[in-house]
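Novice: Next input, structure requested:
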Amino acid sequence: MKKIYLLFCMSAILFAACSTSKEARVQRRTVDGNWQLETVVTEGITGKIKAQIFNEEDFNCFVGSSWSFNGNNSLGSYNIAQNSGECVAIKRQIRWSIYEAPGQPKLFQFKRLDDKLKEIDAGAGFRFTILQLNDNTMQLRSDITFEGKPASFIYNFVRTK
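Specialist: Predicted structure coming up:
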């Protein structure tokens with residue numbers, strides 16, 4: 001009986017250590033749903049640039065893209081429309097989550113998936129600092145180095161129906 005009790009206690013401690021925080025669960029529920037990427041703003045970069053993001057397309061092609069996040073299974077997708085021939089129409093499956101590191105702000109992260117829901121990009125993914133998240137808007141920042149200097153892309157999403 002003592003062994004069963006000890007096993008139960010160890011399982012409870014392990015489960016508690018691996019569980020997500022209340023804040024991350026709230027953020028996850030808030031992200032769940034459909035969004036449109038309204039704007040992508042650069043910080044620390046002057047002038048017009050062409051920059052590929054997410055190993056996919058130029059960041060301007062993502063403006064107006066639709067995103068879907070399912071909190072029940074951590075799957076989602078984004079859709080890029082063909083933009084007067086400047087952008088290739090793409091529908092990409094993703095796996096997403098809220099990443100927590102001790103003493104750090106919560107991060108939104110995703111990995112691109114193929115049609116069979118297997119990770120591509122050799123398992124690499126993308127992480128963003130959550131600057132703002134509420135029922136109607138989501139603002140994410142990715143920090144980069146541009147011409148040897150720190151810079152950022154700010155992604156501004158609005159919820160759609």
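
Novice: So the residue most central in space within the chain: helix, strand or coil?
Specialist: The residue lying closest to the centre of the chain (C-alpha atoms, centre = their mean) is Gln109, at 3.7 Å. Recorded secondary structure, Gln109: strand (DSSP: H, G, I helix; E, B strand; the rest coil).

Novice: what's near enough to touch it?
Specialist: Trp96, Ser97, Ile98, Tyr99, Gly125, Phe126, Arg127, Phe128 (C-beta atoms under 8 Å, 6 or more residues apart in numbering). C-beta here means a position set from N, CA and C on the backbone, and glycine is covered the same way.

Novice: try Ile49
Specialist: Ile49 makes contacts with Thr42, Phe146, as judged by C-beta under 8 Å, 6+ apart.

Novice: Check the gap between it and Glu56 for me.
Specialist: Distance, Ile49 to Glu56, by C-beta to C-beta, to the nearest Å: 16 Å.

Novice: and what of Arg112?
Specialist: According to C-beta to C-beta, Arg112 stands 8 Å off from Glu56.

Novice: Same question for Asn136.
Specialist: Distance, Asn136 to Glu56, by C-beta to C-beta: 26 Å.

Novice: which of these two has more neighbours?
Specialist: Between Asn136 and Glu56, Glu56 has the larger neighbour count (other C-beta atoms under 10 Å), namely 17 against 10.

Novice: Angles on the backbone of the more buried one, please.
Specialist: Phi and psi for Glu56, reported as degrees, to the nearest 10, are phi -130, psi -70.

Novice: what do you get for Asp115?
Specialist: Backbone geometry at Asp115, expressed as degrees, to the nearest 10, gives phi -60, psi -20.

Novice: Tally up the residues packed near it, please.
Specialist: If you count neighbours by other C-beta under 10 Å, Asp115 ends up with 8.

Novice: Go ahead and confirm it touches Gln93.
Specialist: Yes - using C-beta atoms under 8 Å, Asp115 is in contact with Gln93, at 7.3 Å.

Novice: All the helices of this structure, residue numbers only.
Specialist: 2-18, 22-31, 59-62 (DSSP state H).

Novice: Could you measure from the residue nearest to the centre of the chain over to Ile45?
Specialist: Per C-beta to C-beta, Gln109 is found 23 Å from Ile45.
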